[in-house]
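K.L.:
I would like the atomic coordinates for the input below:
(chains A and B)
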Protein chains: 2
Amino acid sequence: MTQLEFANKNIATPLMKKIAVKEGVSAEYVLKCVKNGTIVIPLNNTHKITRPCGIGLGLTTKINANLGTSTDKSETNIELKKLQIACKYGADTVMDLSVGGNLQKIRREIIKHSPVPVGTVPVYEIAVAAQNKKHDFLNFNIADILSTLEAQAKEGVDFFTIHAGVTKRSTQALVQSKRVLGIVSRGGAILAAWMHCHQKENPFYQHFDRILDIAHKYDVTLSLGDGLRPGSVLDATDEAQISELKILGELALRSRKRAVQVMIEGPGHVPLQQIEKNIALEKKICRQAPFYVLGPLVTDVAPGYDHITSAIGGALAASFGADFLCYVTPSEHLRHPSVEDVRQGVIASRIAAHAGDIAKGVKSALNWDKAISQARKKRDWKKQIKLSIDPDKAKEYRVSSKPHLSDVCTMCGKYCSIRVMEECSRV
Amino acid sequence: MTQLEFANKNIATPLMKKIAVKEGVSAEYVLKCVKNGTIVIPLNNTHKITRPCGIGLGLTTKINANLGTSTDKSETNIELKKLQIACKYGADTVMDLSVGGNLQKIRREIIKHSPVPVGTVPVYEIAVAAQNKKHDFLNFNIADILSTLEAQAKEGVDFFTIHAGVTKRSTQALVQSKRVLGIVSRGGAILAAWMHCHQKENPFYQHFDRILDIAHKYDVTLSLGDGLRPGSVLDATDEAQISELKILGELALRSRKRAVQVMIEGPGHVPLQQIEKNIALEKKICRQAPFYVLGPLVTDVAPGYDHITSAIGGALAASFGADFLCYVTPSEHLRHPSVEDVRQGVIASRIAAHAGDIAKGVKSALNWDKAISQARKKRDWKKQIKLSIDPDKAKEYRVSSKPHLSDVCTMCGKYCSIRVMEECSRV
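P.N.:
Residues are numbered from 1 along each chain as shown, chains lettered A, B, ... in the order given. As a prediction, the model looks like this:
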């Protein structure tokens, strides 16, 4: 039985109870939300991990780190190092987005070593296999899709991104749109190109029930991909994007009916003032399904700093109710990320999620800020460093610049405001 | 005559005209806004610079970079290097916040070399002089204050931070508050300690008219400092902060009456959901005076990454109408910033300002995003790099990771969504 089936029978599973303890909420609450689809717990029923998580309403905002090889960079060891770093710095889930090298080997290694849920975009392996076997990455059919999904689910993948919203209907809206950038989703592009080449409906949409069968069997959570997400702030919230979102809303209901857990992927590049509306639309159209946003990036002009453009958008999105943030690294739009890029991306995303949690009113969130502020008042540097989101970096900075007075830092030295006030109160 | 006096006489000065051209608005608009106090043009009437700027309603959001020595770090050359880097990467103004070494020499060098307006916090020099001469940094009086202000204005300082809102009234509110962190403003702490030690009202408040005389003489813009700004998100928007803001509102009116340009400094550490309210309060209480926010930092837990926590807050603040963002570097709360920290701080702040400008609807803002997105669609890497907010970093990333196919990047390689769609449309 899937977690959703247990919830439908009003049975709180050990997994739900574990999530409840971790989040400081009741098991009844988790059960109720899994049942009504506002929380998902992405965990394949054949997969054992040490750090499962719940994603959705009333829980802390979660973050995902994308890993995986490209056709240009495909070293398994480096991807495993990224996995380690991402989990060390607080990623709640990872996705293996590999399209280069031995895909199955890399995925199995990531699944084997990951303490957190692992997601994939199965169409990548399907396309790469078609390319390798038939020299044409669009030469695949529904049988290839289903066999790949089954194989990946059997290996223990916890959530699948399924680009089933790129359909004749939504791509028609795209054609009529005047986008600066058309399709910027890799999976979305592969499927749109497949549809164009074969002159057929998207097989993930056409055969969605068969996909649900596999997801149901292994309790794989579906993450309905936004293949038509905007890739420029000028393209945000357009007819193509919304048209796809409506299809995802229909598919989300079908997933729930089949007792398959489901969440919705969202943009992308979105100007700041449209973020609230984007969250509200998703929540309404997809009946409060957890929203997994890819950024959003609030401007297109900062390659090299897209961990920052997306931290701005992510924090805002979380504050308005986004449940799950996909990190973006500084290398976005420029190169395959390095291990250090992954670290930067994870930290920026955690900052965004935490800032969003404070705004959402997540009970435990402010305790952290209070504790570090109290340490700051005492100029207790050891504690400040320990409580920092990245103790390694805080320590590195502190050690690099030693003050004459040991209780302050070299920014203000003797004129540290906290020290000045403390001395004053002693007079 | 000050710019405000010219405006009061309905005379558009060459400076106003220059600002109008730079911003793509009419000179009449700039004149009208300088007149009603919604725009300030910080430029000392004895100072010549190549990059003056207007700050306020309907203009692009400006950013300030803090420079200056501390008691622990006081090398003039390094501060000049920071000045150069800050201006190269887009700072609209700089502030010299030195409290270590030969303050006058450093300030003169910064004024001499800066292409942008230079601000100071005169109480720093006043306190440091008292410390040096009398071994007590609180041993100064109104004569010392006025002579320092006059001397700095004569040297060409364009705007002064004046902590005149730290008064008996507002500090009383502070005492009654249950702040996690009390006063975190260096100037605020010095004045609160001075008041406590001398048992007198804040001399900057008491003798505000005499300060206005000097500001008027040189057309120095006043930046009314928020000495009681919150230093933890738990302290935000409390009675002490608002009490001070009300005093700043009164002083802003008095400044305008004296034809002295004035803006208001704001927090600080503010949780995301309180930022809109903070902007609205300032705009209401201070009659639409330009708002100069210090961050705001949306969480306290990320020392080492406070350029990111403040980019989140700054973008949001700008979107709601903040006019001027003070950058925060990664070294905030940890050490005196390095040259690289300054660069990181400036870029993060520019990203925030630009994201805010898009949301504010500043006409020119989206053109930049459009141009880089068009280059991205064409996979024109030279143009993408040129149009990046930091072309040096974009180039470094691009060069570090060469793709097999020259038109893509190593992230997606052959499966670049834009390339896939382009090939598909050719079929």
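K.L.:
every contact and neighbour count from this point should use C-alpha atoms.
P.N.:
OK.
K.L.:
which residues sit in contact with the residue nearest to the spatial centre of chain A?
P.N.:
Centroid-nearest residue in chain A: residue A:326, 3.0 Å away (criterion: CA atoms, centre = their mean). Residues in contact with residue A:326, defined by CA atoms under 8 Å, 6 or more residues apart in numbering or on different chains, are A:63, A:64, A:65, A:66, A:292, A:293, A:294, A:295, A:349.
K.L.:
over to residue A:308?
P.N.:
The contact partners of residue A:308, taken as CA under 8 Å, 6+ apart, are A:330, A:348, B:308, B:311, B:348.
K.L.:
those residues into a markdown table, with extra columns for secondary structure and distance to residue B:3?
P.N.:
Below are the contacts of residue A:308 laid out as a markdown table (DSSP: H, G, I helix; E, B strand; the rest coil; distance: CA to CA, whole Å):
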| residue | secondary structure | distance to residue B:3 |
| --- | --- | --- |
| A:330 | coil | 43 |
| A:348 | helix | 42 |
| B:308 | helix | 36 |
| B:311 | helix | 32 |
| B:348 | helix | 31 |
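K.L.:
which pair of those spans the longest distance?
P.N.:
Largest separation among the contacts of residue A:308 by CA to CA: A:330 and B:311, giving 14.9 Å.
K.L.:
what about those two, which has more around it?
P.N.:
residue B:311 (32 against 28; other CA atoms under 10 Å in any protein chain shown).
K.L.:
which ones are touching that one?
P.N.:
A:308, A:312, B:295, B:296, B:297, B:348, B:349, B:351, B:352.
K.L.:
excluding its backbone neighbours, what's nearest it?
P.N.:
Excluding its sequence neighbours, the residue lying closest to residue B:311 (CA to CA, 6 or more residues apart in numbering or on different chains) is residue B:352, at 5.0 Å.
K.L.:
do I have it right that the one you found meets residue B:319?
P.N.:
No: the pair residue B:352 / residue B:319 is not scored as a contact, 9.2 Å apart, by CA atoms under 8 Å.
K.L.:
more neighbours: these two, which one.
P.N.:
Comparing residue B:352 with residue B:319 by other CA under 10 Å, the one with more neighbours is residue B:352, at 33 against 25.
K.L.:
element containing the more buried one, please.
P.N.:
Using DSSP states H and E, residue B:352 falls within helix B:339-360.
K.L.:
the nearest residue to residue A:337 once chain neighbours are set aside - how many residues pack around it?
P.N.:
In space, and not counting its chain neighbours, residue A:337 is closest to residue A:331: 5.4 Å by CA to CA, 6+ apart. Residue A:331: 26 surrounding residues under other CA under 10 Å.
K.L.:
correct me, but residue A:331 touches residue A:303?
P.N.:
Yes: Residue A:331 lies in contact with residue A:303 (CA under 8 Å); the separation is 7.2 Å.
K.L.:
which residues are contacting the lowest-mean-pLDDT helix or strand in chain A?
P.N.:
None of the helices or strands of chain A scores lower by mean pLDDT, DSSP states H and E than helix A:417-426, at a mean of 90. Outside helix A:417-426, the residues within contact range by CA under 8 Å, 6+ apart are A:377, A:408, A:414, B:181-190, B:192-193, B:196-197.
K.L.:
what subset of these is buried?
P.N.:
A:377, A:408, A:414, B:181-190, B:192-193, B:196 (16 or more other CA atoms under 10 Å in any protein chain shown).
K.L.:
ok, these vs residue B:140, which is closest?
P.N.:
Closest approach to residue B:140 among those (CA to CA): residue B:190, at 11.0 Å.
K.L.:
before we move on, back to that, of the contacts of residue A:326, the lowest pLDDT goes to which?
P.N.:
When those are compared by pLDDT, residue A:295 scores lowest at 94.
K.L.:
what helix or strand is the closest residue to it other than its chain neighbours located in?
P.N.:
Spatial nearest neighbour of residue A:295, excluding adjacent residues (CA to CA, 6+ apart): residue A:310 at 4.4 Å. Using DSSP H and E, residue A:310 falls within helix A:306-319.
K.L.:
and that helix, average pLDDT?
P.N.:
Per-residue scores along helix A:306-319 average to 98.
K.L.:
quick revisit: please compute how far the helix holding residue B:352 lies from its chain's middle.
P.N.:
Centroid separation for helix B:339-360 versus its chain: 11 Å, with CA atoms, centre = their mean, to the nearest Å.
K.L.:
now stretch A:215-230
P.N.:
Its chain's C-alpha centre and that of stretch A:215-230 lie 12 Å apart, by CA atoms, centre = their mean.
K.L.:
now the end-to-end length of it.
P.N.:
In stretch A:215-230, first residue to last residue: 28 Å (CA to CA, to the nearest Å).
K.L.:
what do you get for stretch A:288-303?
P.N.:
The first residue of stretch A:288-303 is 33 Å away from its last residue (CA to CA).
K.L.:
buried set for that stretch?
P.N.:
Neighbour-count burial for stretch A:288-303, counted by 16+ other CA under 10 Å, picks out A:288-303.
K.L.:
ok, stretch A:354-361 next?
P.N.:
Buried residues in stretch A:354-361, counted by 16+ other CA under 10 Å: A:354, A:355, A:356, A:357, A:358, A:359, A:360.
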